[in-house]
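Asker: got a predicted model here, sequence first, then my questions.
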Amino acid sequence: MKDKFYAYIQNLQDQITSKLEEIDGLERFQEDIWKRPEGGGGRTRVIENGRVFEKGGVNISAVHGKLPVTMQQHFGVTDADFFACGLSLVLHPKNPMVPTVHANWRYFEMYDSKGNIADQWFGGGQDLTPYYLFEEDAKHFHQVCKKACDNHNSNFYQKYKARCDEYFYNSHRNEARGLGGLFFDYCKKTDDMSMENWFNFVTEVGDSFLEAYVPIVERRKDIQYSEAQRNWQEIRRGRYVEFNLVHDKGTLFGLKTNGRIESILMSLPPHVQWAYNHHPEKGSEEEKLINVLQNPIDWA
């Protein structure tokens, strides 16, 4: 399964970066092959200062070795080995009318002292973080997510949409990071779902990413915007940074397993503001977004 899924994310990385380069039309992804001293490595691809994408990363990795003590405590095991692979992407567009997007699809194995698989699971999801609210964009993104879920289980969309709203939440701000999407983790073999079934589900969600995001980019990338709207985008990016550094489990896992810092922190936008005690004007488009972030909507 690990070889099969790693082959899948290698191919998916190629598909996604090729399409994004086509949309940007100016810059291309720089590729960086890296190795992890403890075992494994990855292929990082970053685009910067493009016509459409100010900064973006589409990274794959496959790492293995001894599970660090801090992670052993987290999983309640001792002296365990692990394997983890996945694709992680974050795209920060230049135009504030185009939303930031994040996605991740991953697979994890843990081994006993004899090298046998003691546990295995899939995880992942995709979520949208706009700076200005276009309801048709939110509906489109969620409808694509729902379609991918419904092909496998009619309960998956509501279940994983709710988990996404719960997970991507800045509790210290009492607001969501964005408009959500899907978030699933610890997807293990059950009576109803084999690991092959989970593979088929996760890869269908991965295959749906471009369908979910590209039409939104195409609709918004050429809209004119003001300096004030750009300032708002940078203030909201600050909330994105806060979530990734305070709450995100993926960031924590990477740091705790001696991951590659440049790849872990590529999710951070290049231009950010933290304006003191900032509040949008009453009745403004900016306030409209904040109101939705404080009250999740069933977009699909």
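Answerer: Noted; the coordinates are in hand.

Asker: chain center to stretch 56-64, what's the gap?
Answerer: 12 Å (Cα atoms, centre = their mean, to the nearest Å).

Asker: with just CA atoms, put it into PDB.
Answerer: Listed next in PDB are the C-alpha coordinates belonging to stretch 56-64 (Å, rounded to 0.1, in the frame of the first residue of the first chain):
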ATOM      1  CA  GLY A  56       2.800  28.300  -3.500                       C
ATOM      2  CA  GLY A  57       4.200  24.900  -2.700                       C
ATOM      3  CA  VAL A  58       3.200  21.500  -3.800                       C
ATOM      4  CA  ASN A  59       5.400  19.000  -1.900                       C
ATOM      5  CA  ILE A  60       5.600  15.300  -1.600                       C
ATOM      6  CA  SER A  61       7.600  13.300   1.000                       C
ATOM      7  CA  ALA A  62       8.200   9.800   2.200                       C
ATOM      8  CA  VAL A  63      10.000   9.500   5.500                       C
ATOM      9  CA  HIS A  64      10.700   6.500   7.800                       C
END
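
Asker: excluding sequence neighbours, find me the nearest residue to Thr257.
Answerer: Excluding its sequence neighbours, the residue lying closest to Thr257 (Cβ to Cβ, 6 or more residues apart in numbering) is Pro68, at 5.7 Å. Any C-beta I mention is one placed from the backbone N, CA and C, and that applies to glycine too.

Asker: next one: Ser267 from Asn11, what distance?
Answerer: Distance, Ser267 to Asn11, by Cβ to Cβ, to the nearest Å: 22 Å.

Asker: have a look at these two and say which one is more surrounded.
Answerer: Ser267 (26 against 12; other Cβ atoms under 10 Å).

Asker: that one reaches Asn244, doesn't it?
Answerer: Yes. Counting by Cβ atoms under 8 Å, Asn244 is a contact partner of Ser267 at 5.5 Å.

Asker: give the residues shared as contacts by the two.
Answerer: Both Ser267 and Asn244 are contacted by Thr251, under the criterion Cβ atoms under 8 Å, 6 or more residues apart in numbering.

Asker: how about the residue nearest to Thr257, what does it touch?
Answerer: Pro68 touches Lys256, Thr257, Asn258, counting by Cβ under 8 Å, 6+ apart.

Asker: quick one, helices of the protein?
Answerer: 2-24, 69-75, 135-150, 156-167, 195-207, 209-220, 227-246, 249-256, 261-264, 285-293 (DSSP state H).

Asker: hey, least reliable of those by pLDDT?
Answerer: Sorting the helices of the chain by mean pLDDT places helix 69-75 lowest, at a mean of 77.
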